[in-house]
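Chemist: Sequence and predicted structure, then a few things I'm wondering about:
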Amino acid sequence: MEKLSYRDFKAMVMDPHVPDSDIAPYLKAIPEASGPFAPRVAPDPDKVYLTAEGQLDIQSAVDWGNAISRWRRHQAFNLAITDGVRKPVLVSEGDSWFQFPLLIEDVVDHLGKDYLIWSLDAGGDTADNMINQNPEYMPNLQAQKANHVKGYMFSGAGNDILGEDSNGNPVIWKLLKQHVPGKDAAWHVDMSALNSALARLETDYRKMVRTIRSDPDFLRLPIFIHGYDYAIPAGFPGDTRNPEWESPHDKWLGGPMRQKGIADPVLQQGIMRVLVDHLYNMLESVAGNSAATRVYLVDVRNKLHNGSWADEIHGTSSGFGNVAAKFKEVIGRNI
């Protein structure tokens, strides 16, 4: 691969017609700066001549990968609108399942083949930030009235159940009991801690729905939510996943479980099923009778299998394609 000048690299990045897959080979992951739902990437100095301008560009962006990904998506959306592309318009807000910067074709990337999506997504974003601290969804939904917005997609809660807390520690550590031989997966889950986390999330989700419904034009706007899939903790014998953006590779699930004495991969995966199923139970309560509420829970459990997890939490490009196919099925029936 020929090493690029920063000018040529930047021109490629700034051209929304250039696919992410052409840019990805010139990037490197930054594992020491990455979180569970926050992969960090930057130009690879072995493949791009980083000038002072390049260094300034990267350092000026709090999160270069997310910033570039959002900008490219917005440019592509605006060009499509200008060119008169006739596809249903959606607004999306979410975490790294909806925006995994440049390295993986995520859910929104796949859905972009069938919809025009105004993306507010960012790897590492939390439900609390998206709904309470820095809400962007309402003004952006209202701005897309001009383009006849047909629906809103939301991906949140991952950090609250599978990710990291405000101190950067694995959340799962607080949700599990110390291992006791002979006890099943459900016993090892601290239901008091889990119910507390889910109650906070439910309050936030209901606030989001209530806020959207406060606009008379959005009383029947379809809202699409999901509850992730049964994540596979890393570090078991034969685990071939080796994501460049995460070190150690079992940092968020497998490692903390072993620290609790939970080393059996079957028990670990059973625990993940308990956690994810309870998240879905909460989201089902939020969605209620979808025919009346117009809130649709997209059930993507079992869409990712052993070979389609890129790390402990994210699908591969093909794995996320399976998730997107389920979204497309539900969206197609309800917009």
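Modeler: In hand now; what should we look at?

Chemist: Pull the distance from the lowest-mean-pLDDT helix or strand in the chain to the chain's centre.
Modeler: Within the chain, confidence by mean pLDDT, DSSP states H and E is lowest for helix 52-60 among all helices and strands, at a mean of 75. How far helix 52-60 lies from its chain's middle: 27 Å, per CA atoms, centre = their mean, to the nearest Å.

Chemist: One more: stretch 82-90?
Modeler: Taking mean C-alpha positions (CA atoms, centre = their mean), stretch 82-90 and its chain are 24 Å apart.

Chemist: repeat for stretch 197-215
Modeler: Distance of stretch 197-215 from its chain centroid, counting by CA atoms, centre = their mean, is 18 Å.

Chemist: which residues are contacting it?
Modeler: Contact with stretch 197-215 is made by 127-128, 131-132, 135, 137-138, 141-142, 152, 154, 156-157, 160-161, 171, 175, 218-219, 221, 223, 225, 278-279, 282-283, 285-286, 293, 295, as judged by CB atoms under 8 Å, 6 or more residues apart in numbering. In this view, the C-beta of every residue, glycine as well, is placed from N, C-alpha and C.

Chemist: again with stretch 129-142
Modeler: With contact meaning CB under 8 Å, 6+ apart, stretch 129-142 is reached by 91, 93-94, 118, 120, 149, 152, 154, 156, 204-205, 207-208, 211-212, 215, 218, 221.

Chemist: List the buried residues of that stretch.
Modeler: Judged by neighbour count using 16 or more other CB atoms under 10 Å, the buried positions of stretch 129-142 are Asn129, Met130, Ile131, Pro135, Tyr137, Met138, Asn140, Leu141.

Chemist: Could you tell me the end-to-end distance of that stretch?
Modeler: Stretch 129-142 has an end-to-end distance of 20 Å (criterion: CA to CA, to the nearest Å).

Chemist: same check, this time on stretch 86-99
Modeler: The straight-line separation of the ends of stretch 86-99 (CA to CA) is 23 Å.

Chemist: still on that earlier bit, selection in PyMOL covering whichever of the contacts of stretch 129-142 are buried, please.
Modeler: Remark: buried members of these, expressed as a PyMOL selection using 16+ other CB under 10 Å:
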select buried, resi 91+93+94+118+120+149+152+154+156+204+205+208+212+218+221
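
Chemist: I'd like the list of the contacts of stretch 129-142 that fall within helices, please.
Modeler: Residues from those lying in helices, with DSSP state H as the criterion: Asp204, Tyr205, Lys207, Met208, Thr211, Ile212.

Chemist: Tell me which stretches of the stretch 201-335 of the chain form strands.
Modeler: For the stretch 201-335 of the chain, applying DSSP state E, counting those that start in this stretch gives strands covering 223-226, 295-298.

Chemist: Turn these into CSV, columns for mean pLDDT and distance to Val48.
Modeler: Converted to CSV, those look like this (pLDDT from 0 to 100; distance: least, CB to CB, whole Å):
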stretch, mean pLDDT, distance to Val48
strand 223-226, 98, 36
strand 295-298, 98, 38
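
Chemist: Would you mind finding the most buried of these?
Modeler: Compared across these, strand 223-226 shows the largest average neighbour count, a mean of 24 (mean count of other CB atoms under 10 Å).

Chemist: what's near enough to touch Val149?
Modeler: Here Val149 is in contact with Val89, Leu90, Val91, Trp118, Leu141, Leu221 (CB under 8 Å, 6+ apart).

Chemist: Of these, which is the nearest to Leu27?
Modeler: When the contacts of Val149 are compared for distance to Leu27 (CB to CB), Trp118 wins out at 24.4 Å.

Chemist: show me where pLDDT drops low in the stretch 51-200 of the chain?
Modeler: Where the stretch 51-200 of the chain drops to pLDDT under 70, the residues are 59-62.

Chemist: how about the helices in it?
Modeler: Using DSSP state H, counting those that start in this stretch, the helices of the stretch 51-200 of the chain run over 52-60, 64-82, 107-111, 127-128, 137-143, 158-161, 172-175, 191-213.

Chemist: now the ones you listed in TSV, with distance to Asp20?
Modeler: What follows is these, written out as TSV (distance: least, CB to CB, whole Å):
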stretch	distance to Asp20
helix 52-60	18
helix 64-82	8
helix 107-111	7
helix 127-128	26
helix 137-143	22
helix 158-161	21
helix 172-175	30
helix 191-213	28
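
Chemist: Please consider this matter closed, and thank you.
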